[in-house]
Every structure is written in structure tokens, then in C-alpha cells.
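Asker: using only what follows, build the 3D model:
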Amino acid sequence: MRVFVYILYNLLLPPLLLLGLPSFLIKGFRRGGLSRGFPQRLGFLSSATLAPLGKERPLWIHAVSVGEVLIALKLIESLERSAPKLPILLTTTTTTGYRLASEQTRSGFVVLHNPVDLPWIAWKFTQRIDPLALLLIESELWPNLIGLLHLRSVPVFLINARLSPRSEARYRRYRSLVKPLVSLLDGVTVPFSEDIARWRAIGIEQNKIQVTGSIKFDHKGSSQLDEVLLTELADWLADTGLPAGSQILLGSSTHEGEEVLLARAFRNLREEFRDLALVLVPRHAERGSGIATQLQADKFSPVLRSGRAGFGAESVEKTEAKENRIWIADTTGELRTWYHLAELVVVGKSFRSGGGQNPVEPILAHRPVIVGPLMQNFADPVAELLRVNGIRQVDADEALIPAIREFLRVPALGKEMARRGVAAMTIHAGAADRNTAWILDHLPYSDAIRDRDSDKL
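Answerer: So this is what the prediction gives:
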């Protein structure tokens, strides 16, 4: 059956890649860095690029985009504490993920664009880097890559594994095709005990699954707040007209249609709360100019952090009506810091696109959080947070303004809700370290790695 699955996959993949190529090129052009990573995606790696890894076989970590890269960076911090001499290769799919990852400066650390999962490209890539093991973050399963590494006896682990309700239903439906692939995985770490049954149902043996908590929600393993960036963001707001003492309503990781929803809610609430300000952080930064144009047509005065399309600081007139001003942070890698400037956070992809974005990070910043009805991708943490009244979920657009108004009128309600939310998420504290311990226990030659890092060899 496994041979049939691989034949079918490799017959379908080339036409699917061709169909998706225009969209990939457009996104790459908008986000930048497309040409830089193209040879790497085809398996062409120079010796100079790989030189920082040294002569030891690297631990290969693959993360798709910004969210997964942030998880990978938390894990890498923990790995460096336990095995500081272990070389690490991080690959990512998107140019925004690559840009964020490449900002890291560590010895024995290299960031690359991931290879296209065609057999000859995957073979060339794996031959070139000769990894000690591959860690796939959350949900990335590449059949050719996994199969080739299995043939080379290189273990493949799925870390912080996430299975959305949609993916679970699809995997269950095609279990006969999925099981031959997932059975090649050497181990899986999951955030919740409820996840064990889900992964078992699609073909993972229970003895391969370990509950570690979620690295994404691990505030113990997080880097400390970037005070320099915090000051930079506050200065940008002040320089573009934010009055001192303003209360910031933050729309985080917003998707199409949600910016207008929040802007109109903000306009309604400004009649009562004159100190209220709205900052939007779109999930895809390249949408910033489009959002600004859309809001301008709705009689708002948008300001882009990137300054693109003439919406930068220099476009802000001193005589301009400040009550209509909306700040759009169309930049990447800054969202966690924005939470610490907010009075209240509304999480995106929960009112329009569906599935939701991460609600836990703003809670761990001790901020009250409101989400919409569509939070399927974070069903488990949201259910736990709702159980302890650590988050507010509204069931329709019309309920958003009353929910925001309640927290603005009685700030103590939001602070208490955030406190309960933080307490509920303590189960995830130390998840990065638990994953690190599990990974090192399952790596080939793990004792030698520990001895080398202890200077015993």
C-alpha cells in the first residue's frame, strides 16, 4: 500500500505544483526574497552557506511560516541550553518566515528555504546536509522527504503536533492513504492528552506519542520582552499622533473583512471612550496598503508602519482629525511586543476566514482577549479558557461592540479574566524544555551529544 501511495503522490504533485506556481510567485514577489531562495528550494546549497554547521551532522528543524518559526525558535533556545554544541539547520517555506528566522545570529545555526518535495530534489537536499534527525513543527508532512530519510535510517519527529478538526476529518476519511506515511514517523509530541486519540485514529502507535504541552503557549521558555522594540513601537505611535494616555484596542492577526469590522466598532465606541485608539496587525503584512486604501474609502485616516503607498508618518498632517486615525502595523515579528502596549486584544481569523489565530500569546501578556465564533483551529485551549472564564468569545459581529464596551467601562473585569487565563495556561509552562528532553532522548547518539556538550569528549 505504501508503494501505491508514493506513486499516486508523485503523479499528482507535479501538476499541483504547476497550478500553485502563479500564486506562489505572486506572494513571493509581494513579500520579497523570492529569487534569493529559489536555488535552495531546488536543492542547490553552496558550501559557504552550510559552513557554519561545521563537520557535525545537524539537527534539521522545518517550520512553515512565521507562527511555526516562532515555535521553532523557542525550541532552539531550549536545545541550545541543553546541547549548545549541536549544530541546527532551520528551513522554512515562506519568505516572511525566512526573514524572521534569518534575523537570528547564533553559532552553528543556518536558515534555508525548504526543498520542493519532488523525489530528486528531496534526495539531493538530504544527501547534501546529511541530517542527524528531522523535526517537523506542528503539521507539515512531506511524503518524499519522510520516505527518503526513513530509507537512510534518519529519524523524523513531528513536534508540537497540531491536527485541526478539518485535517482530522480529512485524514480519517483517507486513513488508508495517510497511515502508510504517518507510520514512518519515529515519534510525535502533542500539546494535550486529548490529542493522543486523534493521532492514533490516523495510524500513529500510542507508544510513539508523548504529551508535552504546547511550545506555542510556553511562556516560561519565551524570550524576555524586547524593551528596545517596545520603545520603538511606542515612539512610532507618538510620532504619528497618538495622544499620551490612549487606550489601545489591538486587532491581532486580522484577515480580510475584519479590519473594517474593527474600524467601525472603534468609530462607534469613540463616542463614549475618547481616549480609545485602534491598532491593526494584519496576519499578512503585505495586505497593509490594501487595508489602508479600504479604510481611507471609509473615511478613516490610516497610518502604515511600513510607510508604503504614501501612508507613512510623513503623510500625517497635524491638522488632520485624530479621532479617525487608525494605525496599521504591516510588519513582521513584532506582534508579541504589540500585546504589551494594548489595553484589550481582539484576535483575528475568528470572525471571517474561520479557524482563528493564537489567542494564548496575548493572554500570556496579561491582556484580556476577545475572539469571534470561528476558533476551530484552537478548539482545545479555547475550551479550557472558556471553562475558567479566561477569555471572551462572542457569537456574532453584533456582540463585539458590547463586549469591548464592557471591558473598557470596567477594566478590572478584563484584568481578572486575563489572570484566570494565565493560570489556566500554566500547564504549558516548560513545554519547550520537555520537548528538548524528549528529543535528545530519541536522537541517535544522544549520549555522545550530551558528552560532547559537557566537554567529556
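Asker: number of residues surrounding residue 64?
Answerer: 19 (other CB atoms under 10 Å). Bear in mind the C-beta positions are built from the backbone N, C-alpha and C, glycine included.
Asker: which helix runs longest in this protein?
Answerer: Longest helix in the chain by number of residues, with DSSP state H as the criterion: helix 2-31.
Asker: now that one: mean pLDDT?
Answerer: Averaged across helix 2-31, pLDDT comes to 80.
Asker: over to stretch 112-125?
Answerer: For stretch 112-125, the per-residue pLDDT averages 94.
Asker: distance between the ends of that stretch?
Answerer: Start-to-end span of stretch 112-125 (CA to CA, to the nearest Å) is 11 Å.
Asker: then stretch 147-159?
Answerer: 18 Å.
Asker: mind listing what's buried along it?
Answerer: Within stretch 147-159, the residues that count as buried by 16 or more other CB atoms under 10 Å are 147, 148, 149, 154, 155, 156, 157, 158, 159.
Asker: in strands, which of the residues you listed appear?
Answerer: 156, 157, 158, 159 (DSSP state E).
Asker: closest to residue 142 out of those residues?
Answerer: residue 156 (9.5 Å; CB to CB).
Asker: what about that closest one, distance to residue 259?
Answerer: Distance of residue 156 to residue 259, given as CB to CB, to the nearest Å: 39 Å.
Asker: who touches stretch 256-270?
Answerer: 249, 251, 254, 276, 278, 280, 282, 287, 291, 294-295, 298, 300, 323-324, 326, 328, 346, 348-349, 351-353, 397, 400-401, 404-405, 408 (CB atoms under 8 Å, 6 or more residues apart in numbering).
Asker: any of the residues you listed buried? List them.
Answerer: If we count by 16+ other CB under 10 Å, these have these buried: 249, 251, 254, 276, 278, 280, 282, 287, 291, 294-295, 300, 324, 326, 328, 346, 348-349, 351-353, 397, 400, 404, 408.
Asker: of those, which belong to strands?
Answerer: Those of the buried ones among the contacts of stretch 256-270 lying in strands (DSSP E): 249, 251, 254, 276, 278, 280, 282, 326, 328, 346.
Asker: want to throw those into a markdown table with pLDDT and distance to residue 190?
Answerer: Below are these laid out as a markdown table (pLDDT from 0 to 100; distance: CB to CB, whole Å):
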| residue | pLDDT | distance to residue 190 |
| --- | --- | --- |
| 249 | 98 | 34 |
| 251 | 98 | 30 |
| 254 | 97 | 29 |
| 276 | 97 | 40 |
| 278 | 98 | 37 |
| 280 | 98 | 33 |
| 282 | 96 | 30 |
| 326 | 96 | 39 |
| 328 | 97 | 36 |
| 346 | 98 | 28 |
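Asker: of those, closest to residue 90?
Answerer: After measuring those against residue 90 - CB to CB - the closest member comes out as residue 282, at 24.7 Å.
Asker: quick one, what contacts the nearest residue to that closest one once chain neighbours are set aside?
Answerer: Leaving out its chain neighbours, the residue that sits closest to residue 282 by CB to CB, 6 or more residues apart in numbering is residue 254, at 5.1 Å. Counting by CB under 8 Å, 6+ apart, residue 254 touches 262, 280, 281, 282, 283, 348, 349.
Asker: how about a cut-off of 10 Å?
Answerer: 260-262, 280-284, 287, 291, 328, 346-353, 357 (CB atoms under 10 Å, 6 or more residues apart in numbering).
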